[in-house]
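1. Prediction below, plus the sequence it came from.
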Amino acid sequence: MSPMATRRLGAGLAVVNRLLYVVGGYDGESRLSTVECYHPENNEWQLVAPMSVTRSGAGELTVCCSSHSIRLHRIDVAYCYRGCT
């Protein structure tokens, strides 16, 4: 698997329409709002629309297939990302 553009830990992961989305995380200096999408057919990561806020340590990700959105849940916060293709 090719490397992502940004190294991160504590990111959320979700699969939507056979594509892997890595959402937010921490790069060692700050929390991230960036989102990367992995295309397995060509082994490439693509930066997609970022979240409007930074997030790391997502406890649970829920994929809403009808709206192509990813909902990130933590005990204190919920955020819905609608940038999926």
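-> Received it, and whenever you're ready, just let me know what you need. Please read all numbers here as calculations on a predicted model, not as lab measurements.
2. buried set for stretch 23-31?
-> 23, 24, 25, 26 (16 or more other CB atoms under 10 Å). The C-beta positions use only the backbone N, C-alpha and C, and glycine is treated the same way.
3. Where does pLDDT dip in this protein?
-> 58-85 (pLDDT under 70).
4. what ranges do the strands span in it?
-> Using DSSP state E, the strands of the chain run over 12-16, 19-23, 35-39, 44-48, 60-64, 69-73, 78-81.
5. Report the buried residues of the third one.
-> Using 16+ other CB under 10 Å as the burial criterion, the residues of strand 35-39 that qualify are 35, 36, 37, 38.
6. Around the residue nearest to the last one when sequence neighbours are not counted, how many other residues sit close by?
-> Distances taken as CB to CB, 6 or more residues apart in numbering place residue 20 nearest to residue 38, at 4.0 Å, with adjacent residues excluded. Here the number of neighbours of residue 20 (other CB atoms under 10 Å) works out to 15.
7. For residue 20, list each beta-bridge partner.
-> residue 15, residue 38 (DSSP bridges).
8. need the contact list for it.
-> 13, 14, 37, 38, 40 (CB atoms under 8 Å, 6 or more residues apart in numbering).
9. How much space separates the residue nearest to residue 7 when sequence neighbours are not counted from residue 10?
-> Among residues not flanking residue 7 along the chain, residue 27 sits closest, at 6.1 Å (CB to CB, 6+ apart). Here residue 27 is placed at a distance of 10 Å from residue 10 (CB to CB, to the nearest Å).
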